[in-house]
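For reference, the sequence and a predicted model appear below.
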Amino acid sequence: MRLYQTEVDLIPVSPNSKEDIAEELADILWAVVCLANQTGVDLTSAFEASLRKKSIRDKDRFK
């Protein structure tokens, strides 16, 4: 399956494609959790740090 990014938004997908996307995203999330577990990364702390960084960096981006 492929998604194409335009300058404005993602090209619309059919309802069935949304289910496919949801399944793929869940698979990716599972893989990330497994990698974090195997490498001893505290994923919660890493995600919180990433959110803080992006909040500071992008504070004026989406007004």
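Right, received. Where do you want to start? Numbering: from 1, shown residues only.

Need the residue closest to the centroid of this protein.
The centre of the chain sits closest to residue 25, judged by C-alpha atoms, centre = their mean, with a distance of 7.8 Å.

Can you report how many residues lie near residue 43?
13 (other C-beta atoms under 10 Å). In this view, the C-beta of every residue, glycine as well, is placed from N, C-alpha and C.

give the contact list for it.
32, 33, 36 (C-beta atoms under 8 Å, 6 or more residues apart in numbering).

Are any of those residues buried, and if so which?
Buried by 16 or more other C-beta atoms under 10 Å: nothing, out of the contacts of residue 43.

which of the residues you listed lies closest to residue 62?
Proximity of these to residue 62 (C-beta to C-beta) peaks at residue 32, which lies at 24.8 Å.

and the gap between the closest one and residue 41?
9 Å (C-beta to C-beta, to the nearest Å).

do residue 52 as well
For residue 52 relative to residue 41 (C-beta to C-beta), the value is 17 Å.

Summarise which helices and strands the longest helix along the chain is packed against.
When the chain is scanned for its longest helix (criterion: DSSP state H), the result is helix 15-39. Applying 3 or more C-beta pairs under 8 Å, 6 or more residues apart in numbering; DSSP states H and E, one finds that helix 15-39 contacts helix 43-57.

next one: the helix it packs on to chain centre, how far?
13 Å (C-alpha atoms, centre = their mean, to the nearest Å).

cool, and stretch 28-38?
Offset of stretch 28-38 from its chain centre (C-alpha atoms, centre = their mean): 13 Å.

which residues are in contact with that stretch?
Here stretch 28-38 has contacts from 41, 42, 43, 46, using C-beta under 8 Å, 6+ apart.

helix/strand/coil for the first one?
Secondary structure, DSSP: H, G, I helix; E, B strand; the rest coil: residue 41 is coil.
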